[in-house]
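J.: Sequence isn't available, so here's the structure alone:
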């Protein structure tokens, strides 16, 4: 799997937080907004409330793995931000896939098939 394009600037994250659509779940928060680039960019944030460095890194790995399973069915041209919550590091990526599927359906970022 290729690395993909990631969001890195604080300005890009804040734009999504304030102007993007969101989906909230006890495991994860997803923000989505259409961009003008024609490619999908992703970003992951994990705050100190999630835990120490080990738990935050585990949360990021779990989110990346769950997104990789659904990435081929996501429309191009969206910015996506995933925010880890307290329960994220204690679940597996397989538990997170249905949450992401539900979030993407609600946010209308799945490809039409």
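T.: Thanks, I have it. Quick caveat, the model's predicted, so the values are computed rather than measured.
J.: same question for the longest helix seen in the chain, mean pLDDT?
T.: Scanning the chain for the helix with the most residues, using DSSP state H, yields helix 53-70. For helix 53-70, the mean pLDDT works out to 96.
J.: List phi and psi for residue 31.
T.: Recorded main-chain torsions at residue 31 are phi -110, psi 140, according to degrees, to the nearest 10.
J.: That one and residue 68, how far apart?
T.: Between residue 31 and residue 68 the distance, using CB to CB, to the nearest Å, works out to 19 Å. Where you see a C-beta, it was placed from the backbone N, CA and C, and this is true even at glycine.
J.: One more: residue 54?
T.: Noted for residue 54: a distance of 21 Å to residue 68, by CB to CB.
J.: the more surrounded of those two?
T.: Regarding residue 54 and residue 68, a neighbour count based on other CB atoms under 10 Å identifies residue 68 as having more, with 13 against 9.
J.: for the protein, what spans make up the helices?
T.: According to DSSP H, the chain carries its helices in the segments 10-19, 53-70, 93-107.
J.: Present these as a markdown table; the columns should include distance to residue 45.
T.: As requested, the helices of the chain are exported to a markdown table (distance: least, CB to CB, whole Å):
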| stretch | distance to residue 45 |
| --- | --- |
| helix 10-19 | 7 |
| helix 53-70 | 9 |
| helix 93-107 | 15 |
